[in-house]
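Asker: everything below, folded, please.
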Amino acid sequence: MRLFLALRAFWKVLFGGEAARRVKSALDRPALPAPEPSKSSAPTVRVEKPKPATQSDALTLLATLQREARLVDLVQESLDAYTDAQVGAAARDVLRDCRKVLERMFALRTVLDQSEGSEIEVPVGFDAARYRLSGNIVGQPPFRGRLVHPGWEATRCELPAWSGSESAARVVAPVEVEV
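Answerer: Okay, here's the model as predicted:
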């Protein structure tokens, strides 16, 4: 914008006597003091810091289960060429290591401390996120029924913080190369 203004002024001064006198007068005057910035008229300049690379919590968990238990390898492997005994042997190690990861990160416990198959009562005002009813549901709570599954809840959630690059944010398992 200033370059355009300078070129315009140059041509006006070169070909117009009045413009030349006015520019000379403006240039010969002492410089005006810089105006003090006022809070209301000064434009607000926002400097945004670049956001650090992030990885979704779901991918962080999946990457941890792969790194520490090889879960993705087991699930993605075609099992057609293996016997049930071989699959079971491989799954035993993977499941044991997955359990360790889940315990460390979430400290899982059952929602209800009752044995599957036992008779329980679902209270009045029950939380639908804690109880899933199935079967013949008639009337109003309290309901009596057979416990099919005691549920799980996390007593903590401690996922590792992502410290990788943006290009690696979706990598669940890196390429492994033996050199």
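Asker: you'd agree Phe135 is in a strand?
Answerer: Just so we're on the same page, residue 135 is Gly rather than Phe. No. Looking at Gly135 with DSSP: H, G, I helix; E, B strand; the rest coil, it is coil, so not inside a strand.
Asker: got phi/psi on it?
Answerer: Main-chain dihedrals, Gly135, degrees, to the nearest 10: phi 90, psi -150.
Asker: how many other residues sit next to the residue nearest to it when sequence neighbours are not counted?
Answerer: Leaving aside its sequence neighbours, Gly135 sits nearest to Gly145 (Cβ to Cβ, 6 or more residues apart in numbering; 6.9 Å). In this view, the C-beta of every residue, glycine as well, is placed from N, C-alpha and C. If you count neighbours by other Cβ atoms under 10 Å, Gly145 ends up with 15.
Asker: go on, Arg144?
Answerer: Using other Cβ under 10 Å, Arg144 is surrounded by 9 other residues.
Asker: need the contact list for it.
Answerer: Contacts for Arg144 were tallied using Cβ atoms under 8 Å, 6 or more residues apart in numbering; they are Glu119, Ile120, Glu121, Val122.
Asker: likewise Ser163?
Answerer: Going by Cβ under 8 Å, 6+ apart, Ser163 touches no other residue.
Asker: just to revisit the earlier point, thinking the residue nearest to Gly135 is in contact with Ser118, fair?
Answerer: No. Using Cβ atoms under 8 Å, Gly145 makes no contact with Ser118, being 10.2 Å away.
Asker: which stretches in this protein count as helices?
Answerer: 2-15, 17-28, 57-69, 71-76, 84-106 (DSSP state H).
Asker: now do the closest residue to Pro174 other than its chain neighbours, the pLDDT please.
Answerer: Residue nearest to Pro174 in three dimensions, not counting chain neighbours: Ala168, with 7.6 Å by Cβ to Cβ, 6+ apart. We have a pLDDT of 91 for Ala168.
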